[in-house]
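S.K.: coordinates only, no sequence provided:
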């Protein structure tokens with residue numbers, strides 16, 4: 001069953017339709033969803049470029065590597081664990097900041 005029972009028709013010229021279509025695609029939304037967000041005053045953000053996901057994947061891999069190094073170093077008593085954990089936490093904060101900036 002539909003949650004929305006009212007249909008709205010709107011006639012657009014070619015330029016307006018292209019603009020609506022492109023804007024909705026950049027935001028990763030359908031045209032209907034894009035329009036509803038505009039109507040309710042919600043902030044619409046464009047999807048990040050694919051490079052964002054590549055960088056995020058690399059940062060996560062760095063974090064995993066740091067965790068593996070810390071586990072090994074801890075077992076042989078060779079690293080300052082508190083300093084390492086501080087660096088790992090900082091990396092997590094950076095990842096969180098990037099995610100907030102891109103996804104809001």
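M.R.: Here it is on my side, so go on. Keep in mind that what you see is a predicted model, and the values were worked out from it rather than measured.
S.K.: can you show me the helices along this protein?
M.R.: Assigned by DSSP state H, the helices in the chain fall at 14-27, 31-39, 50-76, 81-103.
S.K.: who touches the last one?
M.R.: The contact list for helix 81-103, computed with Cβ atoms under 8 Å, 6 or more residues apart in numbering, reads 45, 48, 52, 55-56, 59-60, 62-63, 66-67, 69-70, 73-74. All C-beta spots, glycine's among them, are computed from the backbone N, C-alpha and C.
S.K.: tilt between it and helix 50-76?
M.R.: Per axes from the mean of the first three to the mean of the last three Cα atoms, to 10 degrees, the angle that helix 81-103 makes with helix 50-76 is 170 degrees.
S.K.: and helix 81-103, what's buried?
M.R.: Within helix 81-103, the residues that qualify as buried are 84, 88, 95, counting by 16 or more other Cβ atoms under 10 Å.
S.K.: list just the nearest of those residues to residue 5.
M.R.: Nearest to residue 5 out of the buried residues of helix 81-103 is residue 95 (Cβ to Cβ; 42.1 Å).
S.K.: tell me the buried residues within the contacts of helix 81-103.
M.R.: Buried subset of these (neighbour count, 16+ other Cβ under 10 Å): 48, 63, 70.
S.K.: how near is residue 99 to residue 71?
M.R.: Computed as Cβ to Cβ, to the nearest Å, the residue 99 to residue 71 distance reads 25 Å.
S.K.: how does the chain divide up, domain by domain?
M.R.: Domain ranges of the chain: 1-46, 50-103, per automatic domain parsing.
S.K.: okay, these in JSON lines with mean pLDDT next?
M.R.: Below are the domains of the chain laid out as JSON lines (pLDDT from 0 to 100):
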{"stretch": "domain 1-46", "mean pLDDT": "93"}
{"stretch": "domain 50-103", "mean pLDDT": "83"}
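S.K.: so how many other residues sit close to the residue nearest to residue 38 when sequence neighbours are not counted?
M.R.: Nearest residue to residue 38, sequence neighbours excluded (Cβ to Cβ, 6 or more residues apart in numbering): residue 44, at 7.0 Å. When neighbours are defined as other Cβ atoms under 10 Å, residue 44 has 15 of them.
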